[in-house]
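[1] Sequence first, predicted coordinates after that:
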Amino acid sequence: MNVIKGSIVGAVLLGLAEPTAFAQSVGGVFGPVVNAGHKSAQIRLGIDPDSEQMATRVHYQQSLNDDILVRASVQTRKTNDSDLDLNFVDAIVFWQLPNIAAHWQTGVRFDARARSDSRPNAFNAHWMNQFALSDDLSLRAIVMTSKDVGAGARDGIFVQTRTSLTYKLPNSIGIGAEFHNGYGSSENFGSFNDQNHQFGIFANIPFEEKWSVYTGILTGVSDAAPDTNLKLWFSRKF
């Protein structure tokens, strides 16, 4: 299936960042489109300049057909004891569903997450949507859920939403804005300022045919959100 014009190569990406750890998020607004024969790898950096915390994620993914894509990812974090400590490992499946309408593509994604340091593991389920507003403008909207499993599991289901608006320039560079909303656990969502809400801008720049670089900045718009989150990703298609 062809990627709608205006989508970000950064959609080749992501696993879900920790529901309560937005400080150095490397998450993005991923899309539902799966292309047969796709293979790619990516490395991501997420930095909170105020706390000097940093996260690194590496993943490899490939499509099994024109509906299913699988991904394996590893994320590290900076802790008080180490600059490069294992955070979690993900096994991920993207499933593009039949088109609902000509300009609306949708799909689901399932993640199995194993966390380090005796923390509870997690199962994540997300609903992905992509809308072609014009030849060069696209909108993405995701509903994301995460449930802790195993020893030490937290109560409730953690809920996020993410949206992005992307405009594709004539030179294939994608620019746009995104909104990340972390509502916390369904046991107690709390007020707006108790939640993690961030707004940002980004650019995705392809080069050397198979490479692309994505750079963006998120700014907190609620009290609980970090003031600044910087993101830098490098992608390589095979």
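    Cool, the structure landed.
[2] helix, strand or coil for N193?
    Here N193 is recorded as helix under DSSP: H, G, I helix; E, B strand; the rest coil.
[3] ok, and the closest non-adjacent residue to D194?
    Of all residues not flanking D194 in the chain, A224 sits nearest, at 5.5 Å (C-beta to C-beta, 6 or more residues apart in numbering). Quick note: C-beta positions are derived from backbone N, CA and C, even for glycine.
[4] Am I right that the one you found is in a helix?
    No: counting by three-state DSSP, A224 falls outside a helix, being coil.
[5] how deep is it tucked in, by neighbour count?
    Using other C-beta atoms under 10 Å, A224 has 17 other residues around it.
[6] same check, this time on the one 5 residues further on
    Around N229 sit 28 other residues, with neighbours defined as other C-beta under 10 Å.
[7] For it, what is the enclosing helix or strand?
    For N229, the host element (DSSP states H and E) is strand 228-237.
[8] repeat for V70
    strand 68-77.
[9] before we move on, back to that, buried residues in the strand holding N229, which are they?
    Neighbour counts using 16 or more other C-beta atoms under 10 Å place 228-231, 233, 235 of strand 228-237 among the buried residues.
[10] can you check stretch 142-162 too?
    The neighbour-count check on stretch 142-162 (16+ other C-beta under 10 Å) flags 142, 144-148, 154, 158-162 as buried.
[11] Return the residues in contact with the residue nearest to D194.
    Contact analysis of A224 by C-beta atoms under 8 Å, 6 or more residues apart in numbering lists 193-196.
[12] and which of those residues is nearest L64?
    The closest of the contacts of A224 to L64 turns out to be N196 (C-beta to C-beta; 33.8 Å).
[13] that older thread, which strands and helices sit next to the strand holding N229?
    For strand 228-237, the packing partners by 3 or more C-beta pairs under 8 Å, 6 or more residues apart in numbering; DSSP states H and E come out as strand 39-48, strand 196-207, strand 211-220.
[14] okay if I get these as JSON lines plus mean pLDDT, mean neighbour count and distance to D90?
    As requested, the helices and strands packed on strand 228-237 are arranged in JSON lines below (pLDDT from 0 to 100; neighbours: other C-beta atoms under 10 Å; distance: least, C-beta to C-beta, whole Å):
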{"stretch": "strand 39-48", "mean pLDDT": "95", "mean neighbour count": "19", "distance to D90": "13"}
{"stretch": "strand 196-207", "mean pLDDT": "96", "mean neighbour count": "18", "distance to D90": "20"}
{"stretch": "strand 211-220", "mean pLDDT": "96", "mean neighbour count": "19", "distance to D90": "19"}
